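Trainee: Got a predicted model here, sequence first, then my questions.
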Amino acid sequence: MLLWTKFLTDKISFMKKIRIELVKSGIGYEKSQKETLIALKLTKMHKKVEHDATPTILGMVNKVKHLVKVEEI
């Protein structure tokens with residue numbers, strides 16, 4: 001598992017893809033964090049999605065970093 005901070009500091013991260021897995025439920029957290037999970041298409045536990053490592057996606061991952069696991073593809 002790679003840490004999300006590596007993606008934020010890497011200047012060529014625009015070409016990379018990341019796989020995000022929901023490992024902890026959003027129940028009990030702020031509404032904005034739940035909406036971020038939905039925007040990332042993480043609707044069920046242990047669901048994995050792939051996204052390009054753009055600054056927008058990385059910012060969303062940063063917001064819910066305590067709920068997800070991120071790895072580089």
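Mentor: Great, that's in hand.
Trainee: three-state assignment of residue 59?
Mentor: helix (DSSP: H, G, I helix; E, B strand; the rest coil).
Trainee: Can you give me the distance of the spatially most central residue of the chain to residue 21?
Mentor: With distances taken as CA atoms, centre = their mean, residue 61 lies nearest the centre of the chain, 3.3 Å away. With distances taken as CB to CB, to the nearest Å, residue 61 is found 11 Å from residue 21. In short, each C-beta sits where N, CA and C put it, glycine included.
Trainee: Mutual contacts of the two, please.
Mentor: With contacts defined as CB atoms under 8 Å, 6 or more residues apart in numbering, the residues shared by residue 61 and residue 21 are 68, 70.
Trainee: Tell me the buried residues in stretch 27-37?
Mentor: Residues 33, 34, 36, 37 are the ones in stretch 27-37 that count as buried (16 or more other CB atoms under 10 Å).
Trainee: from those, which ones fall inside helices?
Mentor: Those of those mapping onto helices are 33, 34, 36, 37, per DSSP state H.
Trainee: Give the helix, strand or coil label for residue 26.
Mentor: Classification of residue 26 into helix, strand or coil gives coil, according to three-state DSSP.
Trainee: what's the closest non-adjacent residue to it?
Mentor: Distances taken as CB to CB, 6 or more residues apart in numbering place residue 34 nearest to residue 26, at 4.4 Å, with adjacent residues excluded.
Trainee: Next one: the one you found, what pLDDT does it get?
Mentor: Among the per-residue scores, residue 34 shows a pLDDT of 96.
Trainee: where's it relative to residue 69, distance?
Mentor: In this structure, residue 34 and residue 69 are 18 Å apart, going by CB to CB.
Trainee: ok so, going back, list just the nearest of the buried residues of stretch 27-37 to residue 48.
Mentor: The shortest gap between residue 48 and any of these belongs to residue 37, at 13.2 Å (CB to CB).
Trainee: wait, doesn't the closest one sit right on residue 22?
Mentor: Yes: counting by CB atoms under 8 Å, residue 37 sits close enough to residue 22 to count as a contact (6.7 Å).
Trainee: anything in contact with each of the two?
Mentor: Listed contacts common to residue 37 and residue 22 are residue 67; contacts here mean CB under 8 Å, 6+ apart.
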